[in-house]
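*Asks:* sequence first, then the predicted structure, then my questions.
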Amino acid sequence: MSVLSNQKSAACHRKFIFRWCSLVFLCLAGLGSLGQSVSAADEWKLIPYRGLKYVSAANVKNFYRFTAIEEKGKKLIFKSPNLVMEWEINSQAIFINKVKFVLSFPVIKPTHRSIVSVVDLAKLIDPVLRPSYIQHTSKFDTVVIDAGHGAHDSGAVGLLGYEKNYCLDTALRLEKALKKRGFKTHMTRRTDRFLTLSQRVQVANSIKNSIFISVHYNSSDNRLANGIETYALAPQGTVSTNGGRASGFRKGNNRDGENIALATAVHAMAMHRMGVEDRGVKRARFNVLTGINKPAVLFEGGFVTHSGDAQRINGVEYREKLANTIADAIVGFRKAVGGKKR
Ligand SMILES: [Zn+2]
């Protein structure tokens, strides 16, 4: 686990935390201002429980230099001057500076200590708090933009239009927004045509020095469901946020750290700018994410089945704003993660 071994200087830590803070508005500077290199006293103490490994809340507090943990009923609030992280016992939802993330396993308190799984620590909390520590990152200058669905596959049938059309329009706007910011782009489709999921993956994998973003809009039988959610590939051995079974390693898991960092950058920026319900950064094994060999996320920009969301999504202004928001987030991700060309 990289969390256990990856130690850098405090200056380096501060610099990267600042970058992340300034670009995705997560404001993690508090960690930097407290930062000293991680000392031997901060080693992780692993706690086995029912076949999984965990670490305690106190261990997390010390490692990341939070100044205090406040306990309010079932809630644990980790505090430092510019960073607040909230956990809730028996819940998979955590909040980092008010942005929602869904863990693979709930935080639990089987005895006197609150504990979080090592998988969630290594695959979510650490890469979100310290994106510069993600190992083997690679530089990119190109974004593969995937407009979901197409042709006979309309995607969700919304109150005011088809998902496939909203996806394509947003993707084309994102293409322009990214070009303006100096990126190269590649579209999996730029007309109303159908591609299988594996064709989308093949296209993405053939484009060098790139990341991948699949643009979708959501739907639900529950007409009250609304808001934005962003998906990264579920880590090995975990269950998807949307249920199913725990599963093994997939090609896309080679990029777990970058995947969650990209999802965080996009989601946090969307929450900051769009003023809609936060459904969280989630994990799933969507086919467009499992076979991909580059950092990849699937973005759900709102519910076409919710009256408020549908009206917004149907307006050009919202889709244009969303495209610029995603483009700015990708600029932030590139600066925060860095990486080497390979
Ligand atoms: Zn879709």
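*Replies:* Sure, I can see it.
*Asks:* quick one, domains of this structure?
*Replies:* Per automatic domain parsing, the domain ranges recorded for the chain read 2-133, 142-337.
*Asks:* do the longest one and the ion meet?
*Replies:* Yes. Domain 142-337 is in contact with the ion by CB under 5 Å from the ion, via G148, G155, H216. Yep, even glycine has a C-beta here, placed from its N, CA and C like the rest.
*Asks:* ok, T305 - contacts?
*Replies:* Residues in contact with T305 (CB atoms under 8 Å, 6 or more residues apart in numbering) are A156, G158, L159, N218, S219, S220, D221, R223, A225.
*Asks:* ranking the domains of the chain by burial, who's on top?
*Replies:* Here the criterion is mean neighbour count by mean count of other CB atoms under 10 Å, and of these the winner is domain 142-337, at a mean of 20.
*Asks:* pick out the shakiest of the domains of the chain, pLDDT-wise.
*Replies:* Looking over those, mean pLDDT reaches its minimum on domain 2-133, with a mean of 77.
*Asks:* does the residue of the chain found nearest the ion lie in a helix or a strand, and which?
*Replies:* Closest residue of the chain to the ion, CB to the ion: H216 (3.5 Å). Under the criterion of DSSP states H and E, H216 resides in strand 210-218.
*Asks:* now the helices for the stretch 151-300 of the chain?
*Replies:* 163-180, 197-206, 256-274, 287-290 (DSSP state H, counting those that start in this stretch).
*Asks:* show me the one of those that comes nearest V337.
*Replies:* In terms of CB to CB, the element of the helices of the stretch 151-300 of the chain nearest to V337 is helix 256-274, at 5.5 Å.
*Asks:* against which helices or strands is the closest one packed?
*Replies:* Secondary-structure packing of helix 256-274 (3 or more CB pairs under 8 Å, 6 or more residues apart in numbering; DSSP states H and E): helix 10-24, strand 99-102, helix 126-129, strand 210-218, strand 228-233, strand 278-284, strand 296-303, helix 316-337.
*Asks:* which residue lies nearest the spatial centre of the chain?
*Replies:* By CA atoms, centre = their mean, the chain has its centre lying nearest to A263, at 2.3 Å.
*Asks:* please report the distance of it from L233.
*Replies:* 9 Å (CB to CB, to the nearest Å).
*Asks:* for stretch 221-235, measure first residue to last.
*Replies:* End-to-end distance of stretch 221-235 (CA to CA, to the nearest Å): 28 Å.
*Asks:* next one: it to chain centre, how far?
*Replies:* Relative to its chain's centre, stretch 221-235 lies at 12 Å (CA atoms, centre = their mean, to the nearest Å).
*Asks:* dump the residue contacts of the residue nearest to the centre of the chain.
*Replies:* A263 touches T230, Y231, A232, V281, V297, counting by CB under 8 Å, 6+ apart.
*Asks:* widest-spaced pair of those residues?
*Replies:* So, the contacts of A263 by CB to CB: farthest apart are V281 and V297, at 8.9 Å.
*Asks:* surely L103 and A122 touch.
*Replies:* No. Counting by CB atoms under 8 Å, A122 is not a contact partner of L103; they are 11.8 Å apart.
*Asks:* verify the contact between A151 and L168 for me.
*Replies:* No. Contact criterion CB under 8 Å: A151 and L168 do not qualify, at 10.7 Å.
*Asks:* mutual contacts of these two, please.
*Replies:* D192.
*Asks:* rewinding a little: pull the strand holding H216 out as PDB, backbone CA atoms only.
*Replies:* Coordinates of each C-alpha in strand 210-218 appear next as PDB, following Å, rounded to 0.1, in the frame of the first residue of the first chain:
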ATOM      1  CA  SER A 210      -4.600  10.700 -23.000                       C
ATOM      2  CA  ILE A 211      -7.300  10.500 -20.300                       C
ATOM      3  CA  PHE A 212     -10.900   9.400 -20.800                       C
ATOM      4  CA  ILE A 213     -14.200  11.000 -19.800                       C
ATOM      5  CA  SER A 214     -17.500   9.500 -20.600                       C
ATOM      6  CA  VAL A 215     -20.400  12.000 -20.400                       C
ATOM      7  CA  HIS A 216     -23.900  10.800 -19.400                       C
ATOM      8  CA  TYR A 217     -27.100  12.000 -17.900                       C
ATOM      9  CA  ASN A 218     -29.000  10.000 -15.300                       C
END
